[in-house]
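> return atomic coordinates for the entry below.
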Amino acid sequence: MLGHHYTRTFLETAVASMNAGCNLELSYGMRNNVFMHIPQALATGNITLQMLRDRVRPLFYTRMRLGEFDPPAMNPYSALDLSVVQSPEHRNLSLEAAVKSFVLLKNVRGTLPLRAQDLPSKRLAVVGPFADNPRVLSGDYAPVPEPRYIYTPRRGLETLPANVSFAAGCREPRCQQYSRAEVAAAAGAADVVVVCLGTGADVETEAKDRRDLSLPGHQLELLQDAVQAGKGSGAAGRPVILLLFNAGPLDVSWAQAHEGVGAILACFFPAQATGLAIARVLLGETGANPAGRLPATWPAGMHQVPPMENYTMEGRTYRYYGQEPPLYPFGYGLSYTTFQYQDLVLNPPVLPVCANLSVSVVLANTGQRDGEEPRQRQGSG
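You can find the predicted model right below:
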């Protein structure tokens, strides 16, 4: 409240929070917090002792049920070690979660999946600031596991039977210092190029918004150089696969339109199993056919983004883009196979107020590979 200028002082914030029912604060710090002003609010009569007790009671009841005041020996969570946290079951679950979160945005000329039987004779280059940086693979408020458990894209791809080379091009997500020669050398000598770009918590996180949708710094230039390094890019060129690690949408219009980029995979922040998940998905292994769908619309550019200071949303729905379509619509995502929907039945066909609606449809996999298809349903009233 105070940080967003809804209130002016710590005392005013303490009173407003208590009146609103708040009983727990995520403070600025022990020396700069709101709850230490509660005694002053009580002394001046802005709040009552009964109100204070009403706020404290459910909080401490919950904390006691959680065992926070028990001796450490009685708390089973005080003795957890890596053998439990990083058990095979937990690591397999992390891998499964990463695989299922990927969204395939582009796949032309059968770029993906790669053919496993061809890999021993292939040279694979993995380039970009997200190719081998363990620190940028998790979102904000995420713990950083021990390095031995983190599989970067490079480390994951090195588990494949291919000759893997690496070039960062730039060492951090902002990509202010860029080595074109480093990227061109690696990409030019490869049969398959995997470009790892994105944002990370250094660029977008709580209280740190991006000014636009562009790839940070020299990242777009890095991608263009990687494509250019394979002369004859396109149908006869070496495949370039773009992996994106980001929270919000990115303007990758150039990559979507350019024939030199064969595939785009939105990986978001897949955490410790990133590289292993990428290796499985790029090969299309069993259970690793991309089935994720975008949780938000990706605009085609800043001209499709409404002014941030306009909160009215007057006359708008989620389809307010008008005649020009977005780069990727909400719920978008491709697969290595194809699906067909048929025999859609709505019961009842006309829905009365407050009535239940039953929907049935026949879904068939019409492609040549196993796959999963999320059946999406959106409604408005």
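> my guess is Ala370 contacts Ala291. True?
No, residue 370 isn't Ala; it's Asp. No: assessed by Cβ atoms under 8 Å, Asp370 is found out of contact with Ala291, at 10.6 Å. (Each C-beta comes from the backbone N, C-alpha and C, glycine too.)
> neighbour count winner among these two?
Neighbour count, other Cβ atoms under 10 Å: between Asp370 and Ala291, Ala291 has more, with 21 against 13.
> the closest residue to Glu158 other than its chain neighbours in helix, strand or coil?
In this structure, Glu158 finds its nearest non-sequential neighbour in Val164, 4.9 Å apart by Cβ to Cβ, 6 or more residues apart in numbering. Going by DSSP: H, G, I helix; E, B strand; the rest coil, the secondary structure assigned to Val164 is strand.
> what number of residues lie near Val164?
21.
> how much space between it and Pro290?
In this view, Val164 and Pro290 are 22 Å apart by Cβ to Cβ, to the nearest Å.
> returning to that earlier point: double-check the residue nearest to Glu158 against Arg154; I have them as touching.
Yes: using Cβ under 8 Å, Val164 makes contact with Arg154 at a distance of 7.1 Å.
> re the thing from before, what residues are up against the residue nearest to Glu158?
By Cβ atoms under 8 Å, 6 or more residues apart in numbering, the contact set of Val164 is 124-126, 154, 157-158.
> of those - the most surrounded one?
Val126 (31 neighbours).
> chain neighbours aside, what residue packs nearest to that residue?
Closest to Val126 by Cβ to Cβ, 6+ apart is Val194, at 4.6 Å.
> what is the three-state secondary structure of that neighbour?
Following three-state DSSP, we place Val194 in the strand state.
> so it bridges to which residues?
Val194 has the following beta-bridge partners by DSSP bridges: Val126, Ile241.
> what's around it, how many residues?
So Val194, with other Cβ under 10 Å, has 28 neighbours.
> isn't it up against Phe130?
No: if you go by Cβ under 8 Å, Val194 and Phe130 don't touch, sitting 10.4 Å apart.
> intersection of neighbour lists for these two?
Counting by Cβ under 8 Å, 6+ apart, the residues touching both Val194 and Phe130 are 153, 243.
> would you agree Leu112 is in contact with Leu104?
Yes: using Cβ under 8 Å, Leu112 is in contact with Leu104, at 7.4 Å.
> how about the spatially most central residue of the chain, secondary structure?
Centroid-nearest residue in the chain: Phe268, 2.9 Å away (criterion: Cα atoms, centre = their mean). Secondary structure state of Phe268, per three-state DSSP, is coil.
> contacts only, for the residue lying closest to Asp212 once chain neighbours are set aside.
If the residues on either side of it in the chain are set aside, Asp212 comes closest to Met302, at 5.4 Å by Cβ to Cβ, 6+ apart. The contact partners of Met302, taken as Cβ under 8 Å, 6+ apart, are 212-213, 251.
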